[in-house]
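Visitor: what's the 3D shape of this:
(one chain, ligands or ions: 1)
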Amino acid sequence: MAEDLAALGRRVAQRFIVRGVRPKPSALAEQMGVELMQQEAPPPAQPRLRSEYRAAPPRIVLYCDPINELDAAIYANQRFDMMRCDLLEVHVAHELFHHIEFGQRFGALTPDEVEAAAHAFAQALLELDFEPAELSDLAAPEPHL
Ligand SMILES: [Zn+2]
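Guide: Got it, this is the predicted structure:
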């Protein structure tokens, strides 16, 4: 199933890549009428939340503090593959998939399935060299035993 969802995310991304030209996710959001907002801190109940999509009105909220912490973790871990990407655009791309999928456009998917497709969408749209899910592992590493 996970393979199918990655394929779904990639297929949706391909719709926006015209003759090899990859649009900037933030520009795509603007074209689609999705407002971009930046806030410093995430809601206290979700201190690790880096971004979210809200549907009414369509809006992507980026939480700068946890995104900056992730940026620091990327440098601390010398993830050169990740340093090349624009972290804000990666998050916009991920949330944009939630906008496109909103209303179960691709059928009744579980939250985990939607996440897998959204990660694959962002990876394909931005031609990332790494799996976007790895960002969350870096941001919240397993505690050492
Ligand atoms: Zn998501």
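
Visitor: if you drop the residues flanking it in sequence, what lies closest to the residue nearest to the spatial centre of the chain?
Guide: In the chain, the C-alpha nearest the mean C-alpha coordinate belongs to residue 94, at 2.4 Å (C-alpha atoms, centre = their mean). Leaving out its chain neighbours, the residue that sits closest to residue 94 by C-beta to C-beta, 6 or more residues apart in numbering is residue 122, at 4.5 Å. C-beta: built from backbone N, CA, C; applies to glycine.

Visitor: now do the contacts for that neighbour.
Guide: 9, 13, 25, 90, 93-94, 97, 128, 132 (C-beta atoms under 8 Å, 6 or more residues apart in numbering).

Visitor: now it: which helix or strand?
Guide: helix 111-126 (DSSP states H and E).

Visitor: after that helix, next one along is what?
Guide: As assigned by DSSP H and E, the chain's next helix or strand after helix 111-126 is helix 133-139.

Visitor: and that following helix, what does it pack onto?
Guide: helix 64-76, helix 80-83, helix 111-126 (3 or more C-beta pairs under 8 Å, 6 or more residues apart in numbering; DSSP states H and E).
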